[in-house]
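> Sequence and predicted model, in that order:
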Amino acid sequence: MMLPRRKSNSYEAGSVTSTMWIRRVSFILCGVCAVISLSIGHTFGDEISSGVGGGDSSSRSLKGVPNSVHPQDQYYYSLPEMTPKLLAEFKGPNGPKPTVMVTGAAGFIGMWTCLALKQLGMNPIGYDVVNSYYNVDLKQLRIAKLKENGIEFVHADVCDAGALKETISKYQITRIIHLAAQAGVRYSLDHPMEYTRNNIDCFVILLETMVELGMHKQGRLVYASSSSVYGNNKKVPFQESDRLEDPASLYASTKRTDELIGQTYYNLHNVSSIGLRFFTVYGPYGRPDMAPWIFSEKISSNETIQVFNHGKSKRDFTYVEDIVQGVVNSLFVIPGQPELINLGNGRPVVLADFVRLVEKEVGWEAKKNHIGMQKGDVPVTYADITKARRMLGYNPNTPIEKGIAEFVTWFRDANALQFRMKKSKS
């Protein structure tokens, strides 16, 4: 199952608070007038351009933008769209073909991201420590799929600075997509130290490595954040400019910390990054700790499912192909200052309705135990994807009915019951 190329409808190529990247850009930097002519291809970076976006933050201003506008909203005033034509050029045979290190490549989203990059003619290098949070055989199945498609895989830890440097130097990495993390909201309740190490310490080591190797001058970083950062916020849909002061889990706190660290490394070292807030990703080769898998597994096995919040919760379920589209498109953006972008479906589904969809595809009615909210969970996730549409040409178009059908078909064909989660030991 290869990820298809999707048509998209918007274009962005610059910082929301610095220069406007269009076909011809003129800007004043540090008091020196410099007119730089850029072709469309210059959006991507050094492979086809001598310039990158950004510049000294002290020189940034947007003419006509009210001072009260939040920095994460200024793109509404300044950025042109990522058009289908531009995306076609970037993804076509004459588009950039960098070598991209994908951390977390043995993971669900990581595997599909590597395959999508390979399909576009880029050179993905998978990198993963392959931990035992869930069944390692499933991760090995994904690694096998990578190797079948001619994708190199490095078995190493992101917290191992030596292995990072060796891999980046050996393969001449110019871009990094950092998806490795300790996942799972509920697991964080009992295993807090695994989250601070894997999600925070390793991220700092990665950034330090980029700075030490000089990648912050030419390379760029795309990394996975999470919708969990919105915590107990009541306002929906969630927007990137929302205040984030009430996290519901340690996992959420570590992801929000990563976002702040990304901003810090820009301020200190001018590291350009895009943080993607993923909303409830599902699909073939998915994780056994996620609702689609858990429900499919238990219904298939005639076991009782736990329906939290009595089925009233809403989740912005997003199919993996749609998510990967946003991840890959992020490589075509030179953000200047760090950007945070929602990647969701924009259409929340009530949990009770979701259960009925899984029942339909599995072919059995579930035994249900309706209970209250679980600690660490939130009642609603709902992404405002306006920014992603404009900056990335992001266009999620997989209906939940189709996505669940695809997942259950894979689940059945792969005999996925063999990969079921072991009960957590507190």
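Arrived safely, thanks for sending.
> neighbouring contacts of whichever helix in the chain runs longest?
Longest helix in the chain by number of residues (criterion: DSSP state H): helix 250-269. Outside helix 250-269, the residues that touch it by Cβ atoms under 8 Å, 6 or more residues apart in numbering are 57, 181-185, 187-189, 192, 195-196, 199-200, 203-204, 207, 211, 216, 221, 223, 225-226, 228-229, 231, 244, 247, 271-273, 275, 337-338, 340, 376. For glycine as for every other residue, the C-beta is placed from the backbone atoms N, C-alpha and C.
> for stretch 211-224, same thing?
Residues lying outside stretch 211-224 but in contact with it, judged by Cβ under 8 Å, 6+ apart, are 45-46, 52, 104, 109, 165, 168-169, 173-179, 181, 203, 206-207, 209-210, 258, 262, 265, 269-276, 278, 327, 330-331, 334-335.
> residues in contact with Ile371?
For Ile371, the contacting residues are Gln306, Val307, Phe308, His310, by Cβ under 8 Å, 6+ apart.
> Strands along the stretch 301-426 of the chain, start to end?
Counting by DSSP state E, counting those that start in this stretch, the stretch 301-426 of the chain has strands at residues 304-307, 314-315, 318-319, 339-343, 349-350, 367-370.
> so the next helix or strand after the longest helix of the chain versus helix 250-269, what angle?
Toward the C-terminus, helix 250-269 is succeeded by strand 273-278 as the next helix or strand (DSSP states H and E). Using axes from the mean of the first three to the mean of the last three Cα atoms, to 10 degrees, the direction of strand 273-278 lies 160 degrees away from that of helix 250-269.
> Kindly calculate the angle that strand 273-278 makes with strand 339-343.
In this structure, strand 273-278 runs at an angle of 20 degrees to strand 339-343, with the same axes, to 10 degrees as the basis.
> show me where pLDDT drops low in this structure?
Along the chain, the model assigns pLDDT under 70 to residues 1-80, 219, 423-426.
> Tell me where it has helices.
Read by DSSP H, the chain holds these helices, from start to end of the chain: 75-78, 84-91, 108-119, 136-148, 161-171, 192-195, 202-212, 215-218, 250-269, 291-300, 320-329, 351-362, 386-392, 400-413.
> who does the fourth one touch, helix- and strand-wise?
Using 3 or more Cβ pairs under 8 Å, 6 or more residues apart in numbering; DSSP states H and E, the elements in contact with helix 136-148 are helix 108-119, strand 123-128, strand 152-155.
> picking that back up, could you pick out the buried ones from the contacts of stretch 211-224?
Burial by neighbour count, 16 or more other Cβ atoms under 10 Å: within these this picks out 45-46, 52, 104, 109, 168, 173-179, 181, 203, 206-207, 209-210, 258, 262, 265, 270-276, 278, 327, 330-331, 334-335.
> residues in contact with the closest residue in space to Gly403 that isn't next to it in sequence?
On the basis of Cβ to Cβ, 6 or more residues apart in numbering, the spatially nearest residue to Gly403 that is not a chain neighbour turns out to be Tyr319, at 4.1 Å. Contact criterion Cβ under 8 Å, 6+ apart gives Val281, Tyr282, Gly283, Asn345, Pro396, Thr398, Lys402, Gly403, Glu406 as the residues in contact with Tyr319.
> If you go by neighbour count, which of these are buried?
Buried among the contacts of Tyr319 (16+ other Cβ under 10 Å): Val281, Tyr282, Gly283, Asn345, Pro396, Thr398, Gly403, Glu406.
> With Asp322 as the reference, measure out to the second one.
To tie it back to what came earlier, the one meant is Tyr282. Using Cβ to Cβ, to the nearest Å, one obtains 10 Å as the distance from Tyr282 to Asp322.
> so Ile151 makes contact with Gln119?
No. Using Cβ atoms under 8 Å, Ile151 makes no contact with Gln119, being 10.7 Å away.
> For those two, indicate the residue with more neighbours.
The residue with more neighbours, out of Ile151 and Gln119, is Ile151; 20 against 16, by other Cβ atoms under 10 Å.
> OK, contacts around the more buried one?
Residues counted as contacts of Ile151 (Cβ under 8 Å, 6+ apart) are Ala105, Cys114, Leu115, Lys118, Pro124, Ile125, Gly126.
> what residues are up against Asp137?
Contacts of Asp137 were listed using Cβ under 8 Å, 6+ apart, and they are Gln418, Phe419.
> what comes up buried for the longest helix of the chain?
Burial within helix 250-269, assessed by neighbour count using 16+ other Cβ under 10 Å, is assigned to 250-259, 261-263, 265-266.
> hang on, the earlier thing: which one of the contacts of Tyr319 sits closest to Lys314?
Proximity of the contacts of Tyr319 to Lys314, judged by Cβ to Cβ, is greatest for Asn345, which lies at 11.6 Å.
> who touches that closest one in this structure?
The neighbours of Asn345, taking Cβ under 8 Å, 6+ apart as the test, are Phe279, Asp316, Phe317, Thr318, Tyr319, Asp322, Ala383, Ile385, Pro396, Thr398, Ile400.
> thinking again about what came up before, can you flag the buried ones in the contacts of Ile371?
Here the buried ones among the contacts of Ile371, as counted with 16+ other Cβ under 10 Å, turn out to be Val307, Phe308.
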